[in-house]
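Asks: Mind folding the following:
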Amino acid sequence: MAILSLVAPAVLIALAFLVFGLVNSVLFLGVSGCLFLLLVLVGKAWIRRRLPTLVQNSVGFFHPFADSGGGGERVLWCAVRALQDAYPDLQILIYCKAGNTAQSLCVRASSAFSLDVDDTFEVIPLTHCHLISPNSYPRWTMLQQALGSAHLAYDGLSQAVPQVMVDTSGWAFMYPLFRLAGVKVASYTHYPTISTDMLQRVISRQAAFNNDAGVAGSPLKSLVKVVYYYLFAAAYGAVGGCTNVVMVNSSWTREHISKLWWKFTQPSLVYPPCNVSQLAALKLDRKLKSLYLVSLAQFRPEKDQAKQLRAFALARQRAAALERQREAAISQGTAVVVVSPFFEAVLAARLKVVGSCRNAEDEERVVQLEALSRALGLNDCVDFCVNAPFSEVQQLLGGAVGGLHTMVDEHFGISIVEYMAAGTIPIAHNSAGPKMDILVDKSCGYLCQSEEEYANAITEVLQMDQSRRMKIARAARERALQFSDERFQEGFLRALERGGLLPLNLHG
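Replies: This next block holds a predicted model:
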């Protein structure tokens, strides 16, 4: 009884403190919620007073570098084409870098992607695109780019405010501004700005293109960067929650966006459009005029064309060693030569590195890759094809035996699908989109990680006999047909319509 007489008051006091704490927490959250709501209303009124009125019956596309030749731009123009066909009365606004016209962008879409887009849309010029360039910020790059994207978005809205804004470039920190301006937001996310994989690389102090070796080698700098990344990830999740409709291009991207963004609904998986129809018209059983591999990607650091060069050089070094071994065996009069006679294929093959440049930094990257090619002794067997039109790309794919891809955590990998459609055997990185969505069937191509694995796959593809190559090419083409322009357009329109963004409701 004595013990109970001591415990009972303690329990009552603890319960009293708990109830007091809960009441205060509810009151605090209630007050905080009211203050937040008030700030939103004030901010909304302040922004709307400074922006023009909504452009009726309009859909905007925010894509600062719409004149580039990457997969993201193909998504943009296929989406525009889908709206032009399904809703011809819509006014379409393209928010992109100043200096472009509707006519020049249509010419670019036709040349780079073989897409016919009507030039009936209006271009809203963005004059501060340098604000989102990573080269403008040597430190705290993601944060400063995020702030720069919000500034760029305001620049665009100050000229025209659409009813719906479709972001096809991934600058999520604009979304709160769009919502405050009274705009409904649809996001097509190719690649999360930050991912759990990036966090893990910093935590494990693994050097990469987005984790400087100086930071990876310092425990203190790594700790600071981890804290910075976690705070940024929380902010990224909050702004991602401002969307009305979320589309992603791959299972890998959906997995990360589902974890990061503050949304209760799963993102819609809409595979990006790939030009499979024209490429699938190429002959599979073709007579090869010359033996070569092709690499198709923008000249960006994460595409890692340098790894392709090193792997190709390694395959050639091994083949050269076999050639010397055979010559030595012959000169010594060895009765049985066990060296494979197919090494000549590797030594005779060429590598054609095809890609587009967005700016001077990309052009400098090509110069560096050319220097690396010479240093590896590849200057006589590697060709660089910069900003080639689609007709030339199609011709190159039609004659290639294999296609290289080396980006780690490539969100999807349109170039891989293009290889497969053309009957070119893909040799891709064993991660993210290529692993989870495209090369799910090992009979369609090769997945690699190390330079040695790439060199092995390169050697195997170049030495492959015609019947085996045909078997893989047929399986790859059949798989590629699942990623057509038509399937993308159907999925894109369905997501907007299910989200209530189309058809437009002027009073919604």
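Asks: show me where the stretch 201-350 of the chain has strands.
Replies: 245-248, 268-269, 292-296, 350-355 (DSSP state E, counting those that start in this stretch).
Asks: Give the helix, strand or coil label for residue 503.
Replies: coil (DSSP: H, G, I helix; E, B strand; the rest coil).
Asks: got CSV for the strands of the stretch 201-350 of the chain, with mean pLDDT and mean neighbour count too?
Replies: The C-beta positions use only the backbone N, C-alpha and C, and glycine is treated the same way. Shown next, in CSV, are the strands of the stretch 201-350 of the chain (pLDDT from 0 to 100; neighbours: other Cβ atoms under 10 Å):
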stretch, mean pLDDT, mean neighbour count
strand 245-248, 97, 25
strand 268-269, 96, 17
strand 292-296, 96, 24
strand 350-355, 96, 22
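Asks: So what's the gap between stretch 369-382 and the chain middle?
Replies: 28 Å (Cα atoms, centre = their mean, to the nearest Å).
Asks: quick one: contacts of the strand or helix carrying residue 474?
Replies: Remark: residue 474 resides in helix 466-480, with elements defined by DSSP states H and E. Under the criterion Cβ atoms under 8 Å, 6 or more residues apart in numbering, residues 274, 276, 279-280, 284-285, 401, 417-421, 423-426, 438, 441, 443-445, 461, 464 lie in contact with helix 466-480.
Asks: of all the strands of the stretch 201-350 of the chain, which lies closest to residue 74?
Replies: strand 292-296 (12.3 Å; Cβ to Cβ).
Asks: Do you know the pLDDT at residue 382?
Replies: Note for residue 382: predicted pLDDT of 96.
Asks: Wait, it touches residue 353, no?
Replies: Yes: counting by Cβ atoms under 8 Å, residue 353 is a contact partner of residue 382 at 6.6 Å.
Asks: Residues in contact with both of these two, list them for me.
Replies: residue 309.
Asks: For the stretch 1-150 of the chain, which segments count as strands?
Replies: 58-62, 91-97, 122-126.
Asks: Please identify the most buried of the ones you listed.
Replies: Highest mean neighbour count of the strands of the stretch 1-150 of the chain: strand 58-62, a mean of 25 (counted as mean count of other Cβ atoms under 10 Å).
Asks: relative to strand 122-126, how tilted is it?
Replies: 40 degrees (axes from the mean of the first three to the mean of the last three Cα atoms, to 10 degrees).
Asks: tell me how far strand 58-62 is from the chain's mean position?
Replies: 21 Å.
Asks: Format the strands of the stretch 201-350 of the chain as CSV; extra columns: distance to residue 195.
Replies: Formatted as CSV, these follow (distance: least, Cβ to Cβ, whole Å):
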stretch, distance to residue 195
strand 245-248, 12
strand 268-269, 17
strand 292-296, 24
strand 350-355, 24
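Asks: Residue 254 is nearest to which of these?
Replies: Of all the strands of the stretch 201-350 of the chain, strand 245-248 sits nearest to residue 254, with 4.5 Å by Cβ to Cβ.
Asks: Which strands and helices lie in contact with that closest one?
Replies: strand 184-189, helix 251-260, strand 268-269, helix 485-498 (3 or more Cβ pairs under 8 Å, 6 or more residues apart in numbering; DSSP states H and E).
Asks: do you know which of those lies nearest residue 46?
Replies: Proximity to residue 46 (Cβ to Cβ) singles out strand 184-189 among those, at 19.2 Å.
Asks: Against which helices or strands is the closest one packed?
Replies: strand 164-167, helix 175-180, strand 245-248, helix 485-498.
Asks: related to what we said a few turns ago, right, so of the strands of the stretch 201-350 of the chain, which gets closest to residue 413?
Replies: Nearest of the strands of the stretch 201-350 of the chain (Cβ to Cβ): strand 292-296, 10.3 Å.
Asks: Need the CA coordinates for that closest one. CSV is fine.
Replies: Only the C-alpha atoms of strand 292-296 are listed here, as CSV (Å, rounded to 0.1, in the frame of the first residue of the first chain):
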residue,chain,number,x,y,z
TYR,A,292,31.3,-0.6,-85.5
LEU,A,293,29.7,0.1,-82.2
VAL,A,294,27.7,3.3,-81.5
SER,A,295,27.2,5.4,-78.4
LEU,A,296,24.2,7.7,-78.4
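Asks: and stretch 182-202, how far out from the chain's middle?
Replies: The answer for stretch 182-202 is 10 Å, by Cα atoms, centre = their mean.
Asks: Any buried residues in that stretch, and which?
Replies: Residues 183-195, 198-199, 201-202 are the ones in stretch 182-202 that count as buried (16 or more other Cβ atoms under 10 Å).
Asks: In this structure residue 112 contacts residue 388, no?
Replies: No: using Cβ under 8 Å, residue 112 is not in contact with residue 388; the gap is 9.0 Å.
Asks: so what are the domain limits for the chain?
Replies: 58-273+487-498, 276-483 (automatic domain parsing).
Asks: Make CSV out of those and add distance to residue 52.
Replies: Below are the domains of the chain laid out as CSV (distance: least, Cβ to Cβ, whole Å):
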stretch, distance to residue 52
domain 58-273+487-498, 6
domain 276-483, 30
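Asks: Nearest to residue 45, out of these?
Replies: Nearest to residue 45 among the domains of the chain is domain 58-273+487-498; the distance by Cβ to Cβ comes to 9.2 Å.
Asks: Quick check: end-to-end length of that closest one?
Replies: 18 Å (Cα to Cα, to the nearest Å).
Asks: picking up where we left off before, for the helix holding residue 474, buried residues please.
Replies: 469, 472, 473, 475, 476, 477, 479, 480.
Asks: Low-confidence regions, this protein specifically.
Replies: Confidence mapping of the chain against pLDDT under 70 gives the ranges 1-33, 35-41, 43, 202-218, 288, 333-342, 505-508.
Asks: Surely residue 104 touches residue 67?
Replies: Yes: using Cβ under 8 Å, residue 104 is in contact with residue 67, at 7.3 Å.
Asks: Give me the more crowded residue out of the two.
Replies: Taking neighbours as other Cβ atoms under 10 Å, residue 104 and residue 67 compare with residue 67 leading, 18 against 13.
Asks: which ones are touching the more buried one?
Replies: 73, 96, 97, 100, 104, 105, 108.
Asks: repeat for residue 99
Replies: Applying Cβ under 8 Å, 6+ apart, we find residue 99 in contact with residue 125.
Asks: gap between it and residue 130?
Replies: 13 Å (Cβ to Cβ, to the nearest Å).
Asks: swap in residue 271?
Replies: To residue 130, residue 271 is 32 Å away according to Cβ to Cβ.
Asks: neighbour-wise, which of those two wins?
Replies: Counted by other Cβ under 10 Å, residue 271 and residue 130 do not tie: residue 271 has more neighbours, with 21 against 12.
Asks: Against residue 166, how distant is the more buried one?
Replies: 17 Å.
Asks: again, but for residue 391
Replies: 29 Å.
Asks: okay if I get the strands of the stretch 1-150 of the chain as a markdown table plus distance to residue 408?
Replies: Shown next, in a markdown table, are the strands of the stretch 1-150 of the chain (distance: least, Cβ to Cβ, whole Å):
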| stretch | distance to residue 408 |
| --- | --- |
| strand 58-62 | 27 |
| strand 91-97 | 28 |
| strand 122-126 | 30 |
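Asks: Which among those strands is found nearest to residue 451?
Replies: Among the strands of the stretch 1-150 of the chain, strand 91-97 sits nearest to residue 451 (Cβ to Cβ), with 36.4 Å.
Asks: how much does that closest one deviate in direction from strand 122-126?
Replies: Going by the same axes, to 10 degrees, strand 91-97 makes 30 degrees with strand 122-126.
Asks: strands paired with strand 91-97, and their directions?
Replies: strand 58-62 (parallel), strand 122-126 (parallel) (DSSP bridges).
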